[in-house]
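> Have a look at this fold, sequence not included:
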């Protein structure tokens, strides 16, 4: 069955907070869905070749054309990214750039509904709001109706690299102050962020309702 909703995650971390929240939205919809982890496929940035200018079909020989077909046939997207260096990650950014092939002249994504998921260090660190806005802006340029922007407090690499407590470049001191010990209580799980988790479930149900309306029209 053709997926009605495509869930996209730009997080390269296995079973990450971003992955799980994107999947929570998909599951709450109760519809046919497919989850795509961008780090497992090859989608490069747009090279502005304009090979798509006549037919809206990207000619770059990587995994994007196959993914574009799924996006084109779906009624909704859930796009999740994270925020290295305070901006949307490169996997997610490349995917968003490549959507140009579907937007050019004909706006083939117009009318789809979308939800944005963004994970950042949080705890006052910059980047989360900015990256969420970047992703939402790109989807709105496609003509999509962004139903919501979910924001998650995640975990920096310094908490798991093994050197975070002693590294002079570690993010831990400016997140946790002088207490740089990596302890289990410092790790953030999206499931424990109940307001965001509940919003994800509600947005999944709203996606299903909106797609149902489109089918009945």
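That came through, no problem. Everything quoted here is computed from the prediction, not taken from an experiment.
> C-terminal to the least confident helix or strand in the chain by mean pLDDT, what's the next element?
Lowest by mean pLDDT, DSSP states H and E among the helices and strands of the chain is helix 172-176, with a mean of 87. Counting by DSSP states H and E, the next helix or strand C-terminal to helix 172-176 is helix 194-216.
> residue ranges with poor pLDDT in this protein?
The chain contains residues with pLDDT under 70 at 215-217.
> all helices of it, in order?
Here the chain has its helices, by DSSP state H, at 17-29, 64-73, 90-98, 100-103, 128-141, 172-176, 194-216.
> Mind listing what's buried along the fifth one?
Going by neighbour count (16 or more other CB atoms under 10 Å), the buried part of helix 128-141 is 128, 131, 132, 134, 135, 136, 138, 139. No exception for glycine: its C-beta is placed from N, CA and C like everyone else's.
> ok, the residue nearest to the fourth one when sequence neighbours are not counted - how many residues close by?
Nearest in space to residue 134, with sequence neighbours left out and distances taken as CB to CB, 6 or more residues apart in numbering, is residue 88 at 4.6 Å. By the criterion of other CB atoms under 10 Å, residue 88 has 24 neighbours.
> what residues are up against residue 88?
10, 81, 96, 118, 131, 134, 135 (CB atoms under 8 Å, 6 or more residues apart in numbering).
> Could you work out the most separated pair of the residues you listed?
Greatest spatial distance in these: 96 and 118, 12.6 Å, computed using CB to CB.
> what touches both of these two?
What both residue 96 and residue 118 touch, as defined by CB under 8 Å, 6+ apart, is the set 88, 135.
> how about the nearest residue to the residue nearest the centre of the chain, chain neighbours excluded?
Most central in the chain under CA atoms, centre = their mean is residue 80, positioned 1.2 Å from the mean C-alpha point. Excluding the flanking residues, the one nearest residue 80 by CB to CB, 6+ apart is residue 117, at 3.6 Å.
> Correct me if wrong: that neighbour contacts residue 83.
No. Counting by CB atoms under 8 Å, residue 117 sits too far from residue 83 to count as a contact (11.6 Å).
> out of those two, which sits in the more crowded spot?
residue 117 (35 against 25).
> give me the beta-bridge partners of the more buried one?
Counting by DSSP bridges, residue 117 is bridged to residue 80, residue 150.
> dump the residue contacts of it.
Here residue 117 is in contact with 9, 18, 21, 22, 25, 78, 79, 80, 81, 150, 152, 200 (CB under 8 Å, 6+ apart).
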